[in-house]
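**Q** here's a sequence, model it:
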Amino acid sequence: MAHAVVVGAGIGGLTAAVALRRRGWEVTVFERTPSLEPVGSGLAIAANALRALDTIGAGDDVRRLSAVQGEAGVRRADGRWLMRTTEEATSARHGDSIVLLRRAELADAIAARLEPGVIRLNSTVTAVDPYTGRVTVRTGDGEVTEVTADLVVAADGIRSPIRAALFPGHPGPVYSGVTSWRLLVPGGGRPGRTFESWGEGKVFGVMPLAGGTAYCYATDTVPAGGDPGDGESRRAELLRLFGGWHDPIPALLEAAPPELVLRNDVHHLATPLPAMHLGRVALLGDAAHAMTPNMGQGACQAIEDAVVLAHVAGDGDGPARTAGAAGTADGAGTAGAAGVDLAPYTAARLERTTRVTARSASICRTTRIRNPLAVRLRDTMMALAWRLGGERMTAAMDEVLGWTPPEPAGARNGS
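**A** Sure, this is the predicted structure:
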């Protein structure tokens, strides 16, 4: 049986582990943190990612845990709608709803499909040889071990050490120009109403989650590296920035538990990688294409990556592993003896994720406009474009939300 090592137990890494197990692979997931508690609050899972989750048997569980997005759109800081749509319109066009849930709930729903012992916590991968598949791991007690894998999945995040080692000439993540806040407000969710409000260089979004909790997020155009302070100071900062915006934003901020307010600078990979693989190593999710959150596609694209990678890898005892060249500096070669030819993975994913990343960055730049006259012009153009060509604007998302996964493989080994 072929062996895959997954580095990182985030959404993408866990999805890859489940998808590979269903193809008959032996899988080991190394996660450097001591527990599976994903950083972050809530997220949206769109139709494209729900289809991918269906292929690993997790789609219906995720739908049950989630709230449906419902009516959604973009507003001004005073509350006036610039554009909006309904859940019925989204579902009719793309075949599924956009669902909203806590990041931790999504991770748990995926991880539940892995057998005990697959995930090794408190285990840091310190080195990977892309041509032999040799992985060096240091555990929390300082023990260093080596394992050899036919496939290594680098799902180790935006600051991926594996990406830096494989592509040392790549510039890595850059600051997007905005800092973000994320917070959960128990009892603050209004079912069926999701919105994002834009002001002068600022954004505030509200997503109702199941159980009446509201997930809120905000961005502001500020220099990177500001002092995040503690939860109370972060909430006070949000009240200063958004306390004068339309209802229910001020009330949500007043009700937000300070300990649930997170703040971080938003970085992304503005320069695409030359490939999403090298030798036996496949890069996935933020390690491969970290993007700004403006399209809500970060986790969705990682989930897509995972199911495509498992499709390319094939059955764990099948013919997909090939004895070929050890690989080239641009990642175009095959994996080496007993490895997987990952060139089809790059071919299937690099162009698509590059387009989504660039499009999200473009929206981010639009939200950063601060000049009052330019903001009024932007808002007028958005509202006019929606009134006159809403169908065309909706159709522009078809390429993203209309994606379908490769034909699913039957479950193997009871997973």
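
**Q** so where's the protein uncertain?
**A** Along the chain, segments meeting pLDDT under 70 span 38-40, 191-192, 318-338, 390, 392-393, 408-415.

**Q** residue closest to the middle of it?
**A** A299 (2.1 Å; Cα atoms, centre = their mean).

**Q** distance from the chain centre to the helix or strand encompassing that residue, please.
**A** Taking DSSP states H and E as the criterion, A299 maps to helix 298-313. Centroid separation for helix 298-313 versus its chain: 11 Å, with Cα atoms, centre = their mean, to the nearest Å.

**Q** mind giving me the packing neighbours of that helix?
**A** helix 11-22, strand 42-45, helix 47-55, helix 286-289, helix 343-367 (3 or more Cβ pairs under 8 Å, 6 or more residues apart in numbering; DSSP states H and E). Bear in mind the C-beta positions are built from the backbone N, C-alpha and C, glycine included.

**Q** which one of those lies closest to R103?
**A** Closest approach to R103 among the helices and strands packed on helix 298-313 (Cβ to Cβ): strand 42-45, 5.3 Å.

**Q** I'd say W386 and T85 touch.
**A** No: with contacts counted by Cβ atoms under 8 Å, W386 stays clear of T85, the gap being 9.2 Å.

**Q** show me where the stretch 1-150 of the chain has strands.
**A** Per DSSP state E, counting those that start in this stretch, the stretch 1-150 of the chain carries strands over the ranges 3-7, 26-30, 42-45, 67-68, 71-76, 81-85, 99-102, 119-120, 123-128, 134-139, 144-148.

**Q** paired strands for the second one, with orientation please.
**A** Under the criterion DSSP bridges, strand 26-30 sits next to strand 3-7 (parallel), strand 119-120 (parallel) in its sheet.

**Q** likewise for the third one?
**A** The strands beside strand 42-45 in its sheet (DSSP bridges) come out as strand 99-102 (antiparallel).

**Q** what's in contact with the strand it pairs with?
**A** Residues outside strand 99-102 that contact it (Cβ atoms under 8 Å, 6 or more residues apart in numbering): 41-45, 50, 62-63, 65-69, 184, 194, 207-210, 213, 215.

**Q** with stretch 248-257 instead?
**A** Residues from elsewhere that reach stretch 248-257 (Cβ under 8 Å, 6+ apart): 183-188, 190, 197, 204, 206, 214, 216, 231, 235, 238-239, 242-244.

**Q** buried ones in the host helix or strand of Y215?
**A** With elements taken from DSSP H and E, the one containing Y215 is strand 214-220. If you call a residue buried by 16 or more other Cβ atoms under 10 Å, then strand 214-220 has these buried ones: A214, Y215, C216, Y217, A218, T219, D220.

**Q** what is the host helix or strand of L373 packed up against?
**A** Here L373, judged by DSSP H and E, is contained in helix 372-395. Contact here means 3+ Cβ pairs under 8 Å, 6+ apart; on that basis helix 372-395 packs against strand 81-85, strand 193-198.

**Q** how many neighbours does R84 have?
**A** R84 has 16 neighbours, counted by other Cβ atoms under 10 Å.

**Q** P186 now?
**A** Neighbours around P186, by other Cβ under 10 Å: 14.

**Q** dump the residue contacts of it.
**A** Here P186 is in contact with G212, T213, P257 (Cβ under 8 Å, 6+ apart).

**Q** for these, which single residue is the most surrounded?
**A** T213 leads the contacts of P186 on contacts (other Cβ under 10 Å) with 20 neighbours.

**Q** pretty sure that residue contacts R190?
**A** No: if you go by Cβ under 8 Å, T213 and R190 don't touch, sitting 11.1 Å apart.

**Q** quick one on the thing from earlier: just say which of the strands of the stretch 1-150 of the chain is most tucked in.
**A** strand 3-7 (a mean of 27; mean count of other Cβ atoms under 10 Å).

**Q** quick check: angle from it to strand 134-139?
**A** 50 degrees (axes from the mean of the first three to the mean of the last three Cα atoms, to 10 degrees).

**Q** who's in contact with T213?
**A** So T213 contacts R102, L184, V185, P186, G187, G188, G189 (Cβ under 8 Å, 6+ apart).

**Q** hmm, 6 Å instead?
**A** Contact partners of T213, counting by Cβ atoms under 6 Å, 6 or more residues apart in numbering, are L184, P186, G189.

**Q** which element is G229 on?
**A** Judged by DSSP H and E, G229 forms part of no helix or strand.

**Q** can you get me a residue count around it?
**A** By other Cβ under 10 Å, 13 other residues sit near G229.

**Q** roughly how far does it sit from L388?
**A** Applying Cβ to Cβ, to the nearest Å, the value for G229 to L388 is 45 Å.

**Q** what lies in contact with stretch 299-309?
**A** Residues contacting stretch 299-309 (Cβ under 6 Å, 6+ apart): 11-12, 15-16, 19, 43, 46, 48-49, 52, 55, 282, 284-285, 345, 348-349, 353, 356, 405.

**Q** quick check: longest strand of this protein.
**A** strand 174-185 (DSSP state E).

**Q** how far off centre is that strand?
**A** 14 Å.

**Q** which parts of it are buried?
**A** Applying 16+ other Cβ under 10 Å to strand 174-185 flags S176, G177, V178, T179, S180, W181, R182, L183, L184, V185 as buried.

**Q** can you put the residues you listed in TSV and add distance to D129?
**A** Shown next, in TSV, are the buried residues of strand 174-185 (distance: Cβ to Cβ, whole Å):
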residue	distance to D129
S176	33
G177	37
V178	38
T179	37
S180	36
W181	40
R182	37
L183	42
L184	41
V185	47
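
**Q** among these, which pair sits farthest apart?
**A** Of all pairs drawn from these, the one with the longest distance (Cβ to Cβ) is G177 and V185, at 26.6 Å.

**Q** out of the buried residues of strand 214-220, which comes closest to M1?
**A** Using Cβ to Cβ, the buried residues of strand 214-220 come closest to M1 at Y215, 40.4 Å.
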